[in-house]
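Student: dropping a prediction and its sequence here:
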Amino acid sequence: MRPGIGLVLVVTVAVTAAGLSSGQPAAADRQGPVAHFVVLGPEDGPLAKTEESVRDAGGQILRSWPQIGVVVATSERADFAAAVRLLPGVEAAGATRNLVELTEGARPRGLDDRAPLSRKDGVAATTGSPEPLAANQWGMRQIGADRANDISGGSRDQLVGVLDAGVDAGHPDLASNIDAANSVSCGDEGVPDTSPEAWAPPPDFSHGTAVAGIIAADRNGVGIAGVAPNVRIASVRIADDDLWIYPEYAICGYVWAAEHGIQVTSASIFVDPWLRWCDDDPDQAAGAEAMRRAIDYATGHGVVNVAAIGNLNWDMSHPVLDTISPDNGEPVERLTGDNCALVPGEAPGVVAVSATGAAARKTFYSSYGIRDTDVTAPGGDELQIPDTPDRDPGILTTMNNGAWGYFGGTSAATPHVAGVVALIRGTHPDWSPQQVVAALRRDADPLPCPPGGWFDPDGTGDWLAYCQGGRSGRGFYGSGLVDALDAVTR
């Protein structure tokens, strides 16, 4: 994964969702490089006036989302956002990609750029019963998922949306659980594309496939089992071919989840190009508000949204010096405080997940914060070696091309939590998202802070962290380590 989050990824689209269409300009209409923008109109009203203002300011509409009052547009004008903010029907507007498209263009991203803690090892699986690789799944045992599965593997009625870079639908541990009809890609300018090739992952980037396996690898005597092996998975690809995840992609993904029967989303990502989106910048404020509206829309349609808190060892509840953003151009050092938020991890109503290693301690890399961390789950840590046959500290899961391998980061912790949420929802299908999250927190097993609060995992001070909360451990772990067994018995 990229240092900022466990991992990130998304999908592509070909079919337009009913009621969400808007004209897309022909390529010939574009005379030069264009920048992408979000323009916010009334959240609960028509967008005709907003769309007219977009065109009057020199913009071309890519997509309108009247359900949340958001228009996605392009323009050749660097000052488009400033101009359109002054026009009728516009509440806010901002560039989503740091205007880098109008200059040298976004820098290319290598496939490993988002996954320094992920790795794909050659792991061979054979057919057998129980799952032949289960002995190496220390993370499942840490949260009681092995015992939970003896009672329930979750309900077939539960559909989990993997908001990532695509899922290998032909993997032998995933094929039976993929819901192709509700899968989509949003990675082409935020316009839904339901063609299977669009929401499939890049051949050499397994992030989304790894996330899906942790959630719902089938209990079929092949390979491994996921936390909720009976639930269905929708691949909601929100990453483009270069693995960027921009606001228009995430907006499309959350609206799709709201309107296609998805009950849980798992987002092991952060949205580019800002690690934290700050409200004192009008461009970032508009992008963050557009994404918040989409997430709120999903929650309002019964979706529980789960996201990673990140892999930078940042205390998200205190000011953080960001030297990485914007990550698609030339970074600018800035102090980010309470007016800034990681999206989606710090968005209101999202379950933010930190990571533990095999010893059930905070991983050296996991970000945290007493006001920001909701729960924790296994992510893997090379400083905490499990007592397993492979002695590999990572999370064993599915990889592209029918393989299995080890994976790590808050990207791996997040799908553990999404799987537990799916188990709770299957046990209590009539519960609201708020009731499900309350049970998730209530059932979590508290982990205490280190003595004195200070945590120096390798003794060098490089990953020094301070845990607030004493015996409650809330600074590192929120309500605690999620409990899959409680999810199916309480």
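Tutor: Nice, thanks for sending it over.

Student: low-confidence ranges, this protein, go.
Tutor: 1-31, 104-122, 124-129 (pLDDT under 70).

Student: same thing but 50
Tutor: 1-28, 110-118, 120 (pLDDT under 50).

Student: in it, which residue is most central in space?
Tutor: In the chain, the residue lying closest to the centroid (C-alpha atoms, centre = their mean) is residue 267, at 1.6 Å.

Student: for that residue, name its beta-bridge partners.
Tutor: As for beta bridges, residue 267 partners with residue 307 under DSSP bridges.

Student: my read: residue 243 touches residue 205, true?
Tutor: Yes - between residue 243 and residue 205 there is a contact at 6.8 Å, judged by C-beta atoms under 8 Å. Just so you know, the C-beta spots here come from the backbone N, C-alpha and C atoms, and that holds for glycine as well.

Student: residue 250: helix or strand, and which one exactly?
Tutor: helix 247-259 (DSSP states H and E).

Student: would you mind pulling up the elements that that helix packs against?
Tutor: strand 35-40, strand 59-65, strand 70-75, strand 159-164, strand 184-185, strand 232-237, strand 264-267, helix 282-300 (3 or more C-beta pairs under 8 Å, 6 or more residues apart in numbering; DSSP states H and E).

Student: so which elements touch the last one?
Tutor: What that stands for is helix 282-300. strand 35-40, strand 70-75, helix 80-84, strand 92-95, helix 247-259, strand 277-278, strand 304-308.

Student: mind doing that once more with 6 Å?
Tutor: strand 35-40, strand 92-95, helix 247-259, strand 277-278 (3 or more C-beta pairs under 6 Å, 6 or more residues apart in numbering; DSSP states H and E).

Student: okay, those, which one's buried deepest?
Tutor: helix 247-259 (a mean of 29; mean count of other C-beta atoms under 10 Å).

Student: distance between that one and the chain's centre?
Tutor: 12 Å (C-alpha atoms, centre = their mean, to the nearest Å).

Student: re the thing from before, how about the helices and strands packed on helix 247-259, which one is nearest residue 88?
Tutor: For those, the distance to residue 88 is smallest for strand 35-40, at 11.9 Å, taking C-beta to C-beta.

Student: next secondary structure element downstream of that closest one?
Tutor: helix 48-56.

Student: quick check: angle from that following helix to strand 59-65?
Tutor: Orientation of helix 48-56 against strand 59-65 (axes from the mean of the first three to the mean of the last three C-alpha atoms, to 10 degrees) gives an angle of 150 degrees.

Student: just the buried positions in helix 48-56, please.
Tutor: By 16 or more other C-beta atoms under 10 Å, the buried positions in helix 48-56 come out as 50, 51, 53, 54.

Student: stretch 213-229 now?
Tutor: Buried residues in stretch 213-229 (16+ other C-beta under 10 Å): 213-220, 222-229.

Student: and of those, the nearest to residue 135?
Tutor: residue 224 (10.1 Å).

Student: mind putting the helices and strands packed on helix 282-300 in TSV, distance to residue 363 included?
Tutor: TSV is the format used below for the helices and strands packed on helix 282-300 (distance: least, C-beta to C-beta, whole Å):
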stretch	distance to residue 363
strand 35-40	34
strand 92-95	34
helix 247-259	25
strand 277-278	25
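
Student: so for residue 101, which of the ones you listed sits nearest?
Tutor: Of all the helices and strands packed on helix 282-300, strand 35-40 comes closest under C-beta to C-beta, at 4.9 Å.

Student: what is the closest one packed up against?
Tutor: strand 70-75, helix 80-84, strand 92-95, helix 282-300.

Student: just the CA trace of the shortest one, in CSV.
Tutor: By that I understand strand 92-95. This file holds the C-alpha atoms of strand 92-95, laid out as CSV (Å, rounded to 0.1, in the frame of the first residue of the first chain):
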residue,chain,number,x,y,z
ALA,A,92,-19.0,26.0,-3.6
ALA,A,93,-16.6,24.9,-6.3
GLY,A,94,-13.1,23.5,-6.4
ALA,A,95,-10.5,21.8,-8.5
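
Student: strands paired with that strand, and their directions?
Tutor: strand 35-40 (antiparallel).

Student: what lies in contact with the partner strand?
Tutor: 54, 69-74, 80-81, 84, 90-93, 95-97, 99, 101-102, 247, 286-287, 290 (C-beta atoms under 6 Å, 6 or more residues apart in numbering).

Student: what angle separates that strand from helix 247-259?
Tutor: 50 degrees.

Student: give me the domain ranges for this protein.
Tutor: Following automatic domain parsing, the chain resolves into domains at 34-102, 112-489.

Student: go through those domains and pick out the most buried.
Tutor: Scoring the domains of the chain by mean count of other C-beta under 10 Å, the most buried comes out as domain 112-489, with a mean of 23.
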